[in-house]
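Q: got a predicted structure here, sequence first:
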Amino acid sequence: MKISKLVFSIGIFFFSTIAFSQANNDTASEKTKDTVTGNEQKRLKFGCGFGLSFVGGTNISLSPNLIYKVSDVVAIGAGVQGSYTAIKGLQNTTTYGANLLTQFSLSKKITTSLEFAQLRVSTKTEVDNSTKKYWDSALFVGVGYNITSKISVGAKYNLLYKDGESIYTSPVIPFVNISF
């Protein structure tokens, strides 16, 4: 019941964002002109977040996404993600799933985001040779610094994080996103 209310709330948020953005965008076109460089930018962008860590084990993650720039301030998107985490001799965890996101550009350099992710988790513990499979949800609020128009770095906070129950080791997750 709690998840259905959360999904409903996020759906209302996305649809109201789309309606508000379209109402204020009288000159919607497939390309926008960057006022700083004078170059035209595409409204639909392919992006890819990635992570790689070898501290305390191996952690590899990849999350490609498509983002549509509704206006100069608001963008919406969706993506898929997957990760593999291994602690030698203890456990291996594989996750895959999908996410929905909304981005708000506060300025040319700062972007905030709201992201909902639903992940399928499969954990194999080597000590007792057991496997556990379950679904995990995450609702992230984030902020990123746009190094260039195609590269941003930042951090996001998982509002649904529960210590000992979440697939994530911390409620705060750093990210790097590259768009094409």
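A: The structure has been received and is ready for your questions.
Q: which of the helices and strands in the chain ranks last by mean pLDDT?
A: Every helix and strand of the chain was ranked by mean pLDDT, DSSP states H and E. The lowest is helix 2-23, at a mean of 42.
Q: what's near enough to touch the most centrally placed residue in the chain?
A: Nearest to the mean C-alpha position of the chain, counting by C-alpha atoms, centre = their mean, stands residue 115 at 5.3 Å. Counting by C-beta atoms under 8 Å, 6 or more residues apart in numbering, residue 115 touches 99, 100, 101, 102, 138, 139, 140, 142, 156. Where C-beta positions appear, they are placed from N, C-alpha and C, glycine not excepted.
Q: quick one: these as a markdown table, columns for secondary structure and neighbour count too.
A: Shown next, in a markdown table, are the contacts of residue 115 (DSSP: H, G, I helix; E, B strand; the rest coil; neighbours: other C-beta atoms under 10 Å):
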| residue | secondary structure | neighbour count |
| --- | --- | --- |
| 99 | strand | 19 |
| 100 | strand | 19 |
| 101 | strand | 21 |
| 102 | strand | 21 |
| 138 | strand | 21 |
| 139 | strand | 17 |
| 140 | strand | 23 |
| 142 | strand | 22 |
| 156 | strand | 22 |
